[in-house]
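In: turn this into a model:
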Amino acid sequence: MFPEPAGLPERLRGRTLVMGVVNVTPDSFSDGGRYFGIDAAIGRAHDLVRDGADIVDVGGESTRPGATRLDPAEELARIEPVVRALAADGIAVSIDTMNASTAAAAAAAGALIVNDVSGGLADPAMLPTVADLGMPYICMHWRGHAERMNDLAVYDDVVEEVATELASRLEACSRAGVDVDRVVLDPGIGFAKEAHHNWALLRRLDHLAGLGRPILIGASRKRFLGSLLADPVSDEPRPTDDRDVATAAVSAIAARDGVWAVRVHDVAGSRDAVAVGSAWRQG
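Out: Modelled structure (predicted):
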C-alpha cells in the first residue's frame with residue numbers, strides 16, 4: 001500500500017479513495033459542458049457523493065489537449081460558489097487548478113485539497129501558497145500547457161523519466177516549504193503521453209512507489225482507452241462517454257496495487273471496482 005497524505009480527516013484514511021470529477025466548464029472533453037453552471041455543478045457533486053465519491057474534485061478550467069488558458073478571475077467565478085456550497089454540506093472538496101490565487105480562494109471557501117495538474121510549474125506562486133495553506137497537495141507530472149502537450153510526449157524511458165521529474169517536483173515542494181508528508185503524486189496519465197506511455201506507467205506503479213508518496217491515478221475516459229476499444233471495422237475510437245467500464249477496470253487494478261485514490265467521472269462503477277481491487281490485494 002502506498003502511504004497516505006497527512007492532513008486529511010479520518011474518514012478519508014485507510015483505503016483507496018474514489019474522487020469524483022465536477023467540471024464547471026463549457027468545453028470539457030468528458031461531459032461537453034453538461035455541468036457548466038453553479039446549480040448544475042452542485043447537483044452533479046451531490047449525485048457523485050450518493051454514488052459513493054469520497055472526494056469531489058471541482059475544476060473551472062479545461063485541461064483537455066488543445067484547450068486555451070482561462071483568466072484566473074473567470075476560473076474563480078466558476079468554482080468559488082460551488083466549492084463553498086459543497087463544503088457547507090460537509091462534502092470533502094479538492095480544487096483542480098493551476099493558479100495559486102484560485103487555490104487560496106477555494107481553501108477559504110472550504111476546499112481540503114489542492115489538485116494542481118502542473119505540479120507547481122504553471123504558476124510560480126503555487127508552491128509557496130500551498131506551503132502557507134498547509135493543505136494536502138496533489139502534484140502531477142506535467143511538461144506544458146494543453147495547447148502544446150502532444151508535442152512534448154517524447155521519452156526514451158517513460159517510467160524512469162516520469163519518476164525522475166516527479167522527484168524533482170518533490171524537491172521543489174520541499175524548497176518552497178511544502179510539507180512533503182502532505183504531497184500526493186500523479187503520473188499524469190494522458191498529459192504529454194501517448195497510449196503506450198500510459199500503459200507503461202500503469203504497469204509500473206511499483207516503480208513510482210520508490211518515491212515514497214501516495215499516488216493518484218486519473219485515467220477516466222481518456223483517449224488511450226478510446227483507442228484500446230476502437231471499433232474493429234472502422235477503427236474509430238470508442239466514444240468518450242462509453243469508456244466507463246474500461247475506466248473501472250483501471251480503477252480495480254490501481255486499487256489492487258494500493259494507490260491512494262482514483263479520479264473518475266463514473267463513481268458508482270469505480271467504487272465497486274475499487275472494492276474488488278482492494279479485496280484482491282488484501283487476499
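In: and the helices in the stretch 51-200 of the chain?
Out: 72-88, 100-109, 126-133, 158-175, 195-203 (DSSP state H, counting those that start in this stretch).
In: what helices or strands is the longest one leaning on?
Out: Right, the one you point to is helix 158-175. The contact analysis (3 or more C-beta pairs under 8 Å, 6 or more residues apart in numbering; DSSP states H and E) places helix 158-175 against helix 126-133, strand 137-140, strand 183-186, helix 195-203, helix 205-208. Where C-beta positions appear, they are placed from N, C-alpha and C, glycine not excepted.
In: can you tell me which of these is most buried?
Out: strand 137-140 (a mean of 28; mean count of other C-beta atoms under 10 Å).
In: for it, what is the average pLDDT?
Out: Regarding strand 137-140, the rounded mean pLDDT is 98.
In: in its sheet, which strands sit next to that strand, and in what direction?
Out: Counting by DSSP bridges, the strands paired with strand 137-140 are strand 113-116 (parallel), strand 183-186 (parallel).
In: identify whichever of those strands lies nearest to residue 3.
Out: strand 183-186 (9.5 Å; C-beta to C-beta).
In: what sits up against the closest one?
Out: 5, 117, 136-141, 166, 169-170, 173, 208, 211, 213-218, 260-261 (C-beta atoms under 8 Å, 6 or more residues apart in numbering).
In: at 7 Å what do you get?
Out: Contact with strand 183-186 is made by 5, 136-141, 166, 170, 173, 208, 211, 213-216, 218, 260, as judged by C-beta atoms under 7 Å, 6 or more residues apart in numbering.
In: now mean pLDDT and distance to residue 151 too, for the helices of the stretch 51-200 of the chain, in a markdown table please.
Out: Formatted as a markdown table, the helices of the stretch 51-200 of the chain follow (pLDDT from 0 to 100; distance: least, C-beta to C-beta, whole Å):
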| stretch | mean pLDDT | distance to residue 151 |
| --- | --- | --- |
| helix 72-88 | 94 | 25 |
| helix 100-109 | 97 | 26 |
| helix 126-133 | 98 | 24 |
| helix 158-175 | 98 | 16 |
| helix 195-203 | 98 | 14 |
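In: mind putting those in TSV, distance to residue 225 included?
Out: Shown next, in TSV, are the helices of the stretch 51-200 of the chain (distance: least, C-beta to C-beta, whole Å):
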stretch	distance to residue 225
helix 72-88	27
helix 100-109	29
helix 126-133	29
helix 158-175	17
helix 195-203	9
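In: out of those helices, nearest to residue 236?
Out: That would be helix 195-203 among the helices of the stretch 51-200 of the chain, by C-beta to C-beta, at 15.2 Å.
In: grab the CA positions of the closest one and hand them over as CSV.
Out: Output of helix 195-203 as CSV, limited to C-alpha atoms (Å, rounded to 0.1, in the frame of the first residue of the first chain):
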residue,chain,number,x,y,z
ALA,A,195,-1.1,5.4,-25.3
HIS,A,196,1.9,3.2,-24.9
HIS,A,197,3.4,5.7,-22.3
ASN,A,198,0.2,5.5,-20.3
TRP,A,199,0.2,1.7,-20.2
ALA,A,200,3.8,1.5,-19.3
LEU,A,201,3.2,3.8,-16.3
LEU,A,202,0.2,1.9,-15.1
ARG,A,203,2.1,-1.3,-15.4
